[in-house]
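**Student:** would you be able to build a 3D model of this:
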Amino acid sequence: MGKGHLILVTGAARSGKSSYAEYLANLASEEVAYLATAQALDEEMEERIRLHTERRSHTWQTFEEPFNPGKVILNHYREYKVWLLDCITLLVANHLLSKVQPQDAVFISTEIEEFITREIENLINVVHTTDITLIAVTNEVGWGLVPPDPLSRAYRDIVGRANQKLAQAADDVYLVTVGIPMKLKSAANGSGS
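**Tutor:** Coordinates of the predicted model:
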């Protein structure tokens, strides 16, 4: 098996990153596997998920996996060569909130961050040991105010480090802002074009 191709698409909330990632996936293949990490835990998230689902191509196969998208890829990478994972930030939140309750989050242990980091590294390894293209969507969460509570600060820090790890491993990295994608890193030359 060959080295897979990792594309990271990042940006702020409502920047157009998911739409751009879907565009890239459509360019790559008509048969796309969509990895959804969101959990419909309330009505607002149910509505967000519904809108995302309606926007996607009906030829795509959706896999809902809030914790271990790498396992889903390993189980189906022979069937689907193009995968879109939306999103890393929810994946990190799912792991963090499964380990820590907000009321107990005065101190987030390094073990929790190390666990989440290993999960991101495992996802990268899955891509690099298969021949798939993975388009991963993530949020830039560190450009705003410093969060007022320990759990939110830990979340921001862990997402930032996960994004750095993904960007370092990625072949291509795009930043989407106000609906405009900018290529920050290219497989062709290792930097923006």
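
**Student:** name the strands paired with the host helix or strand of Trp83 and say parallel or antiparallel.
**Tutor:** In this structure, Trp83 sits in strand 82-86 according to DSSP states H and E. If you go by DSSP bridges, strand 82-86 pairs up with strand 32-36 (parallel), strand 133-139 (parallel).

**Student:** what's the following helix or strand past the shortest one in contact with?
**Tutor:** Next helix or strand after strand 32-36 toward the C-terminus (DSSP H and E): helix 43-55. By C-beta atoms under 8 Å, 6 or more residues apart in numbering, the list of residues contacting helix 43-55 from outside reads 18-19, 22, 36, 38-40, 62, 86. (Glycine included, C-beta is placed from N, CA and C.)

**Student:** neighbouring strands - and their directions - for whatever helix or strand comes next after helix 43-55?
**Tutor:** Per DSSP H and E, the first helix or strand lying C-terminal to helix 43-55 is strand 61-64. Using DSSP bridges, the strands paired with strand 61-64 are strand 32-36 (parallel).

**Student:** let's have the strands paired with strand 82-86 in CSV, adding mean neighbour count.
**Tutor:** As requested, the strands paired with strand 82-86 are exported to CSV (neighbours: other C-beta atoms under 10 Å):
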stretch, mean neighbour count
strand 32-36, 24
strand 133-139, 25
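
**Student:** give me the most central residue, the protein.
**Tutor:** Against the mean C-alpha coordinate of the chain, by C-alpha atoms, centre = their mean, the closest residue is Ile88 at 2.7 Å.

**Student:** residues contacting that residue?
**Tutor:** Taking C-beta under 8 Å, 6+ apart, we find Ile88 in contact with 37, 120, 136-139, 159, 162-163, 166.

**Student:** what about 10 Å?
**Tutor:** Ile88 makes contact with 8-10, 37, 69, 120, 123, 136-139, 159, 162-163, 166, according to C-beta atoms under 10 Å, 6 or more residues apart in numbering.
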